[in-house]
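[1] Sequence unavailable; structure follows:
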């Protein structure tokens, strides 16, 4: 028999603390669709996605109702589309992106990831074709997300690829001027990119993954915040290790809900279950913010000295709780700090307590990187490249994933408010303390070698 | 617990209701043991100061229900209410197979609420296995573990339950028990899904 308090605490997590499954993501390998004929290629891609994902939303809704637990997003991550584009043109890349978009619409998916390329050590013609197509492809589609791996601890950082991508990010912003550069909200540049990440915009089905697989992204910043609040209310003198312990216990419970949902959806689809990505992914809603957790810990002004330590504590406790909860933890698993998508972080940037440089420091100990950062419209490609390189350097040298999602807003200046609506949120335009001054370094190109500790064998 | 030895051929189900005190469970089990009985399943709780015990036990063929009842009557306080029935397995056939769900309602404490909830559940073939009550911010929370027959569409049941309870001023939910087990137990999730 269930204990009364166990039932009540679970119900409270769902009904009052915004516990949900943030994303059930169906991974689909598309390599079988490769074809030298562009028409046959895009048709095969469309048909394969519709065939594999046709029941995803229905099954997710059934499982969600069964457990009384919201599944906020149902999504698809495909194998890197660049694999299909060798020997093809930019026009075919755009057609392919449109086919992905149409398939996602057909199966009622809001976002599909995997218009991607892994270029950490070099760029093939097909990968270059995909990158060149970005401004056109991402403005001609609504649902497709694009991601790139420009560095790994084993390979170092491909500076040529970073420069190429930085230019395309600037061009994509300009191409999506009428939506204030929103096209760039669908581009993530990673170092040490995970192959099983279910979260957009960086989701893809990497090499080495099954043909089809369900990966789940759980969230729960509201649950963690309330747990910390309760602890501090009961014991105002609670120490940081006691707070870490409370977060760990909460993360355990959150992780297990994700695995339950993921396994059941996978079972119904008749495909393997992959991983739970235990990431505290905020939404713009009050009560669903990672920044609020730092405030509950005692960081009154986010960005004040001590904030990075708070991020480290949270990120570590989440991982430890998740690792005990499930043997299938993967993806990014940690704390996200997407500025626009988190009202507390966004406010801190608006108030000037949280700067881009402090955010960068926080990314050294969080699970991802500089995410959903609005930049002035006149930001140069070299500046974008420099930011990507700095983040990649943190990831490559510390053996962790880092990512960058930068949005130069055409025509916007520092301090201007921009609202994308929905889960993408709102915020003000910010910029580095010194936006320029590293052009010569960045433009040298080449490859930043792998760090010495990459030689592990 | 399996019956101890080949001679345990009679099974009883026994209930005991008596004002609570220290040592009641020891006294009851001592009586069972003295009749060579083996307790197979047991559930005990205290409601508003009243000790409430239900258990099944296996005994040698010569032990009859009246033997156990008399012994308990003489052992316990005079106000104790003891019932001993023979062959409890006969009752098992009446319980429907299905999936276990948890029902919760929350609302004001007023007469007729439990009747409304149980009437709804009975009307849909839902068997109540366990019932708990709690208080939360001045509201009464009822929690029940129930078995929903396989033939019942739980999504329809959820919706009609919410609607029906809303007419009584109650917020209500009905969801599968695995969500509670997943968040509160440490066993592999895979075993829940299977």
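    Yes, it's here. These numbers were taken from a predicted model, which means no experiment stands behind them.
[2] so the nearest residue to residue A:379 once chain neighbours are set aside bridges to which residues?
    In space, and not counting its chain neighbours, residue A:379 is closest to residue A:408: 4.6 Å by CB to CB, 6 or more residues apart in numbering or on different chains. For every residue, glycine as well, the C-beta is placed using N, CA and C. Beta-bridge pairing of residue A:408 under DSSP bridges involves residue A:375.
[3] Quickly list what whichever residue of chain B sits closest to chain A is bridged to.
    Closest to chain A within chain B is residue B:175: 3.4 Å, counting by CB to the nearest CB. With beta bridges defined as DSSP bridges, residue B:175 has these partners: residue B:102.
[4] Please list all residues in contact with it.
    Residues near residue B:175 by CB atoms under 8 Å, 6 or more residues apart in numbering or on different chains: A:66, A:67, A:68, A:69, B:101, B:102, B:158.
[5] phi, psi of the second one?
    Its backbone dihedrals place residue A:67 at phi -100, psi 0, with angles given as degrees, to the nearest 10.
[6] what's the answer for the fourth one, then?
    The phi and psi torsions at residue A:69 (degrees, to the nearest 10) take the values phi -120, psi 120.
[7] try residue B:17
    phi -130, psi 120.
[8] Also residue A:322?
    phi -70, psi -40.
[9] Repeat that for residue A:88.
    phi -110, psi 170.
[10] Look up how far residue A:225 lies from it.
    In this structure, residue A:88 and residue A:225 are 48 Å apart, going by CB to CB, to the nearest Å.
[11] Just want to know which of these two has more residues nearby.
    Taking other CB atoms under 10 Å in any protein chain shown, residue A:88 and residue A:225 do not tie; residue A:225 has more neighbours (27 against 23).
[12] Now do the buried residues in the helix or strand hosting the more buried one.
    According to DSSP states H and E, residue A:225 maps onto helix A:221-234. Within helix A:221-234, the residues that qualify as buried are A:221, A:222, A:223, A:224, A:225, A:226, A:227, A:228, A:229, A:231, A:232, counting by 16 or more other CB atoms under 10 Å in any protein chain shown.
[13] Give the rounded mean pLDDT of that helix.
    Mean pLDDT, helix A:221-234: 93.
[14] Got phi/psi on the residue nearest to the spatial centre of chain B?
    Geometric centre of chain B, nearest residue: residue B:130, 4.5 Å, by CA atoms, centre = their mean. Note on residue B:130: its backbone torsions stand at phi -150, psi 150 [degrees, to the nearest 10].
[15] What distance do you get for it to residue B:180?
    12 Å.
[16] Those residues of chain A touching chain B, which are they?
    Contact residues, chain A versus chain B (CB under 8 Å from any CB of the partner chain): A:1-4, A:6-11, A:13, A:15, A:62, A:65-69, A:253, A:256-257, A:259-260, A:263-264, A:267, A:326.
[17] Now, these that are in helices?
    A:4, A:6-11, A:13, A:15, A:62, A:65-67, A:253, A:256-257, A:259-260, A:263-264, A:267 (DSSP state H).
[18] Quick one: buried ones out of these?
    Using 16+ other CB under 10 Å as the burial test, those include A:7-11, A:13, A:65-67, A:253, A:256-257, A:259-260, A:263-264, A:267 as buried.
[19] one step back: tell me which residues are up against the helix holding residue A:225.
    Defining contact as CB under 8 Å, 6+ apart, one finds that helix A:221-234 is touched by A:13, A:16-19, A:238, A:242-243, A:246-247, A:249-251, A:253-254, A:280-282, A:287-290, A:292-293, A:296-297, A:314, A:318.
[20] Quick check: neighbours shared by residue B:130 and residue B:180?
    By CB under 8 Å, 6+ apart, the residues touching both residue B:130 and residue B:180 are residue A:2.
[21] Can you name the helix or strand that residue A:274 falls in?
    Counting by DSSP H and E, residue A:274 is part of strand A:273-280.
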